[in-house]
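In: no letters, just coordinates:
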């Protein structure tokens, strides 16, 4: 296969999932510039190892796995490296939304950001990107039951972070005065 053919096959497999991959990067990093960096790093690794993909039907979960691993390696571990310089921190633009432009999406994204990464990742993959439980299992590892449990716990934590309270269901009241006991 020539380089041009290889590139066309790669792009044909990537195009249907590109927007979902971009959204995933944005939700994981919570910053546009970091999301673009993560996307670029993911695509570089995917292009480098594209010949190792045996089944093109598995491309979607393969590229999301690369993205997840790149995020964990690059962004999660980076917080342990180096000292924080207060001047640099003060010069950074705020990631908080402006009060005038706050929307439901910003509120949900902020609540999502409070979740532990494994729950946030599972929710974003399932609810926003439409991946199946099995595809998420291949990305995150573990069993399908573990993924379902992460989704359930993630939804519960998200509802708590959003201040949503589930009202207790009313139990039906039966009139037993006209019904004989035996």
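Out: Good, I have the coordinates. Quick caveat: nothing in here was measured; it's all calculated off a predicted structure.

In: pop out the phi and psi values for residue 142.
Out: Phi and psi for residue 142, reported as degrees, to the nearest 10, are phi 90, psi -160.

In: neighbours around it, how many?
Out: Residue 142 is surrounded by 13 other residues when neighbours are defined as other CB atoms under 10 Å. (C-beta placed from N, C-alpha, C; glycine too.)

In: from residue 135, how far off is it?
Out: In this structure, residue 142 and residue 135 are separated by 13 Å, where distance is defined by CB to CB, to the nearest Å.

In: go on, residue 128?
Out: Using CB to CB, which is the criterion applied here, residue 128 is 13 Å from residue 135.

In: neighbour-wise, which of these two wins?
Out: Under the neighbour definition other CB under 10 Å, residue 128 and residue 135 were set side by side, and residue 135 has more, 20 against 15.

In: quick one: low-confidence ranges for the protein?
Out: 76-102, 166-182 (pLDDT under 70).

In: can you pull out the helices in it?
Out: Secondary structure of the chain, counting by DSSP state H: helices at 3-29, 32-48, 59-71, 86-91, 104-113, 117-123, 133-140, 144-162.

In: I'd say residue 122 and residue 154 touch.
Out: Yes: in this structure, residue 122 sits in contact with residue 154. The criterion is CB atoms under 8 Å, and the distance is 5.7 Å.

In: so for the two, which residue has more residues nearby?
Out: Neighbour tally, residue 122 and residue 154, criterion other CB under 10 Å: the higher count belongs to residue 122, 27 against 22.

In: neighbours around the nearest residue to that one once chain neighbours are set aside, how many?
Out: Distances taken as CB to CB, 6 or more residues apart in numbering place residue 150 nearest to residue 122, at 4.3 Å, with adjacent residues excluded. Using other CB under 10 Å, residue 150 is surrounded by 23 other residues.

In: list the contacts of residue 150.
Out: With contacts defined as CB atoms under 8 Å, 6 or more residues apart in numbering, residue 150 is in contact with 118-119, 122, 140.

In: residue 11: which of those residues is nearest?
Out: Comparing the contacts of residue 150 against residue 11 with CB to CB picks out residue 140 as the nearest, at 26.5 Å.

In: okay, now the closest one: neighbour count?
Out: Neighbours of residue 140 using other CB under 10 Å come to 17.

In: now swap in residue 33 and tell me
Out: The burial count assigned to residue 33 is 9, neighbours taken as other CB under 10 Å.

In: for it, give its distance to residue 39.
Out: Computed as CB to CB, the residue 33 to residue 39 distance reads 11 Å.

In: how is this structure carved up into domains?
Out: Each structural domain of the chain that the record assigns through automatic domain parsing is listed here as a residue range: 1-79, 99-163.
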